[in-house]
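Novice: Could you work out the structure for the sequence below:
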Amino acid sequence: AFVKDYVFGLRDYSKATFFQTSCASVGGAVASITVAAPMDVVKTRIQSRAHDDPKSGARIIAELVAKEGFGAFFKGLTPKLLTVGPKLVFSFTIAQYLIAITDRFAEGK
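Specialist: Modelled structure (predicted):
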């Protein structure tokens, strides 16, 4: 919605072109991967610890911030954007385009 509203100035999203929908999908994919990155890093640290290590998720987060800083929450973001990003862009674009077509069909246009 941000890209369609503020970049393209659209108010009626069903009138977006395929290009506008694709650009909005890129924005959505980057935003969703970036928002999920910190918990993905924590999940990976939890999964990769020794099974007999009693550290909780909160303790892992505290140590991560203390030793590596807040930037550590975004480790691996670039490869994730390059691998998962295109899949999300494709999915978001097709979904939004089909929603618009379905809405037009339902309205009889």
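Novice: Is A1 in contact with Y13, as I believe?
Specialist: Yes. Between A1 and Y13 there is a contact at 7.4 Å, judged by CB atoms under 8 Å. For the C-beta atoms, the positions are set from N, CA and C on the backbone; glycine is no exception.
Novice: neighbour count winner among the two?
Specialist: Using other CB atoms under 10 Å, the more surrounded residue of A1 and Y13 is Y13, with 17 against 10.
Novice: So that one versus A62, what's the distance?
Specialist: Using CB to CB, to the nearest Å, Y13 is found at 42 Å from A62.
Novice: now S32
Specialist: Distance from S32 to A62, by CB to CB: 26 Å.
Novice: Spatially central residue in the chain, please.
Specialist: Nearest to the mean C-alpha position of the chain, by CA atoms, centre = their mean, lies S32 at 1.7 Å.
Novice: Hmm, S91 and that one touching each other?
Specialist: No. With contact taken as CB under 8 Å, S32 and S91 are classed as non-touching, separated by 10.8 Å.
Novice: ok, back up a step: OK, contacts around the residue nearest to the centre of the chain?
Specialist: Contacts for S32 (CB atoms under 8 Å, 6 or more residues apart in numbering) come out as L88.
Novice: Now find how far off-centre the helix or strand hosting it is within its chain.
Specialist: Secondary structure from DSSP states H and E places S32 in helix 18-48. Relative to its chain's centre, helix 18-48 lies at 2 Å (CA atoms, centre = their mean, to the nearest Å).
Novice: Kindly report the same for stretch 13-27.
Specialist: That offset, for stretch 13-27, works out to 16 Å (CA atoms, centre = their mean).
Novice: what comes into contact with that stretch?
Specialist: 1-4, 7-8, 10, 85, 88-90, 92-93, 96-97, 99-100, 103-104.
Novice: Which ones among the residues you listed map onto helices?
Specialist: 2, 85, 88-90, 92-93, 96-97, 99-100, 103-104 (DSSP state H).
Novice: Show me where this protein dips below the pLDDT cut-off.
Specialist: Along the chain, segments meeting pLDDT under 70 span 109.
Novice: for stretch 53-67, which positions count as buried?
Specialist: For stretch 53-67, the neighbour count (16 or more other CB atoms under 10 Å) marks 60-61, 64 as buried.
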